[in-house]
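In: Structure, please.
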Amino acid sequence: MACAQESGSEESTETASVDEATEDEHEVCGMKYTPVPEGLFDTPRPTSRSGGTAAFFSVRYVGPPDDRRWGRNKDFWLAKDLARAVDELDFYERLPKLGPEFRLLRRWAMEYGGVLCAKCEGARPGTLEDQPRKLMLLQNLRGGIQSL
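Out: Numbering: from 1, shown residues only. The predicted structure is shown next:
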């Protein structure tokens, strides 16, 4: 499979790239990624779409209460389907390693938590998709907000 996404059925293209690498490799399209440990999040549920084509999923933290990396609050993270956003992965993986001259970029970019591999809720609530997706965890800008 080519790393660039082709147009067509969302169901077939979005799940196809998940099988591209084995879980042990932690790599997609030749880019290594930070894996998120299993069992920290409930089943990802579809939310809205971005201005592009990548699907977003709400992920609810269910791991240990003292986990300061992933468990700041239950909705701190939002998951973005990597199958339609693989071009963003390299940016988020490299950002923390950039020199001090990029501190403003790091300050204003959404926080990145790694890649979660999980089966997501299907088209009908309560059902799961057949294949797991690779999801980039990005800071949910509405996380922890009770009302606007």
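In: which helices and strands does the longest helix along the chain pack with?
Out: Ranked by residue count under DSSP state H, the longest helix found in the chain is helix 86-94. For helix 86-94, the packing partners by 3 or more Cβ pairs under 8 Å, 6 or more residues apart in numbering; DSSP states H and E come out as strand 31-32, strand 112-118, strand 133-139. Glycine gets a C-beta too; all of them are placed from N, C-alpha and C.
In: hmm, 7 Å instead?
Out: In terms of contacts (3 or more Cβ pairs under 7 Å, 6 or more residues apart in numbering; DSSP states H and E), helix 86-94 is packed against strand 31-32, strand 133-139.
In: any idea of the angle the longest one forms with strand 112-118?
Out: Spelled out, it's strand 133-139. 150 degrees (axes from the mean of the first three to the mean of the last three Cα atoms, to 10 degrees).
In: Now do strand 133-139 against helix 86-94, angle only.
Out: Going by the same axes, to 10 degrees, strand 133-139 is angled at 50 degrees with respect to helix 86-94.
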